[in-house]
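A.B. asks: Structure for this input, please:
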Amino acid sequence: MGKPDKAMKAFIKIPEIFSQLFNVAVFEGKKEIRPEKLNDVDTVLDTPVELFSGAVEYVERLRDTAKISDSGLSFRIILGVEEQTSVHYYMPVRDMLLDALQYDYQCRQRAAAAKEKNCRFRYGEGSPKGTKIMPVISLILYVGSRKWDGPTQLYDLFDIPDHRRKWAGQYIRNYQINLIDARHMTEEQIDRFEGDLKAFFTMLSEHYNEKKLKNIVAHHRETWYAISSVKQDDRYAAYINRRTDEEVKGGIAMPDMLDRMMAERDAQLAEKAAELKRRQSEYDRSKTRLDKMQIEVARAQRQLDEDQKELAESRKEMKRRWAELEKKQAELEERQAAFERMSVRRRRRTGARRFEKNSKELR
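C.D. replies: From the prediction side, this is the model:
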């Protein structure tokens, strides 16, 4: 379930906004609810529930916004608003529970007051006879982008055969919700509102009549914060933050706002275009430097390849020469060995001749 944020809550809590919502949506445009006579109500509702085991647990729910009206009608009434950002497919049950908790809370308050004043014989009897509570009216303000396709009454959740509907209508109580689908309102529906609410609903609609914007004036910053929040567009909040309190209090006309936003947007676009152009120029210069560096790197790579090729050839030549040197060394060693063998043979022949000569002399 989508929940509202602080911007939407702050917007709805404005007495003029809150009262106008109900005057248009519930009281058919009659100004039954006066903003200066609205009082805040505790939005935390809880009630004790006795389980089958005998234990008692508290059911607690938080209502988004609630106020008591002390004027306009001939009786006091509690008004509550639930803001929704997504479709809730059992909203009638949730709304009914909130209203029931509000009624139960009032009853328990009356019972506690009666007990303190000793107005009851037994606590279990509740409040004294004739005690009254205030009626509760809830309003669902749906601001989701998708058109509401959820149930609008309790009967929409029931799977009752056609032949049983008449009987169900007699014995099964229905519960209708009061729904405003803010982003899918017709121009006629929006025209029923005025001021900030009309500005809010107009800016949320997908298509709006620019001529009608001339008559729309907003007087609260919260209106623009709520629009920014729902549309997820920070320009509205940024725009109103640049306006002084005196300007806002005097009223911000929708055409002026849109013209200023367009002018500011154009200025921002021009600034971004200039920045983009500056960055493009820097990019071009960097690219030129990079291209030169790449050319130098390519040249150095070619030189390196040539040097490596030359080195490989030098190594090949050295290897060939070394092989020749080893071959010559082997030949030299072989000659040396042959010379030594020849010297040995000569020495042997010389010694043999000397031995033979000496022998002859001795004989």
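A.B. asks: Touching, K13 and A66? I think so.
C.D. replies: No. Counting by C-beta atoms under 8 Å, K13 sits too far from A66 to count as a contact (9.9 Å). Placement of C-beta: from N, CA and C, glycine included.
A.B. asks: And I177, what's its pLDDT?
C.D. replies: pLDDT for I177: 93.
A.B. asks: brain fart, D46
C.D. replies: The confidence metric pLDDT takes the value 55 at D46.
A.B. asks: same question, the one 5 residues further on
C.D. replies: With respect to pLDDT, L51 has a value of 44.
A.B. asks: Same check on D196?
C.D. replies: pLDDT recorded at D196 is 91.
A.B. asks: Which helix or which strand is home to it?
C.D. replies: Using DSSP states H and E, D196 maps to helix 195-204.
A.B. asks: average pLDDT for the following helix or strand past that helix?
C.D. replies: Past helix 195-204, further along toward the C-terminus, the next helix or strand under DSSP H and E is strand 217-218. Looking at strand 217-218 alone, the average pLDDT works out to 84.
A.B. asks: and strand 217-218, how far out from the chain's middle?
C.D. replies: 29 Å (C-alpha atoms, centre = their mean, to the nearest Å).
A.B. asks: Okay, now the sheet partners of that strand, with direction.
C.D. replies: The partner list of strand 217-218 in its sheet, established with DSSP bridges, is strand 252-253 (antiparallel).
A.B. asks: Could you check this structure and say which of its helices or strands has the lowest average pLDDT?
C.D. replies: The helix or strand of the chain with the poorest confidence is strand 56-62; it has a mean of 50 (mean pLDDT, DSSP states H and E).
A.B. asks: circling back to that earlier point, joint contacts of K13 and A66?
C.D. replies: Where contact means C-beta atoms under 8 Å, 6 or more residues apart in numbering, the residues bridging K13 and A66 through contact with each are D40.
A.B. asks: State the number of residues packed around R242.
C.D. replies: Using other C-beta atoms under 10 Å, the number of residues around R242 comes to 9.
A.B. asks: And the strands in the stretch 1-150 of the chain, which stretches?
C.D. replies: Under the criterion DSSP state E, counting those that start in this stretch, strands of the stretch 1-150 of the chain are mapped to 38-40, 44-50, 56-62, 65-69, 77-84, 136-142.
A.B. asks: Distance from the longest one to the middle of the chain?
C.D. replies: So that's strand 77-84. Going by C-alpha atoms, centre = their mean, where strand 77-84 is centred and where its chain is centred differ by 26 Å.
A.B. asks: try the first one
C.D. replies: Taking C-alpha atoms, centre = their mean, one finds strand 38-40 lying 33 Å from the centre of the chain it belongs to.
A.B. asks: any low-confidence regions in the stretch 51-200 of the chain?
C.D. replies: Applying pLDDT under 70 to the stretch 51-200 of the chain picks out residues 51-64, 70-75, 119-126.
A.B. asks: How about residues contacting stretch 180-193?
C.D. replies: For stretch 180-193, the external contacting residues (C-beta under 8 Å, 6+ apart) are 20-21, 24-25, 29, 139-145, 147-148, 198, 200-202, 204-206, 208-209, 212, 230.
A.B. asks: Start and end of it, how far apart?
C.D. replies: Using C-alpha to C-alpha, to the nearest Å, the gap from the first to the last residue of stretch 180-193 comes to 12 Å.
A.B. asks: Buried residues in that stretch, which are they?
C.D. replies: Going by neighbour count (16 or more other C-beta atoms under 10 Å), the buried part of stretch 180-193 is 180-185, 189-190, 192-193.
A.B. asks: Send me stretch 356-363 as PDB with only the CA atoms.
C.D. replies: In PDB, the C-alpha atoms belonging to stretch 356-363 read as follows (Å, rounded to 0.1, in the frame of the first residue of the first chain):
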ATOM      1  CA  GLU A 356     119.400 -50.200 -30.400                       C
ATOM      2  CA  LYS A 357     122.600 -48.100 -30.700                       C
ATOM      3  CA  ASN A 358     123.600 -48.500 -27.100                       C
ATOM      4  CA  SER A 359     123.000 -52.200 -27.400                       C
ATOM      5  CA  LYS A 360     125.300 -52.400 -30.400                       C
ATOM      6  CA  GLU A 361     128.000 -50.500 -28.600                       C
ATOM      7  CA  LEU A 362     127.800 -52.800 -25.600                       C
ATOM      8  CA  ARG A 363     128.200 -55.900 -27.800                       C
END
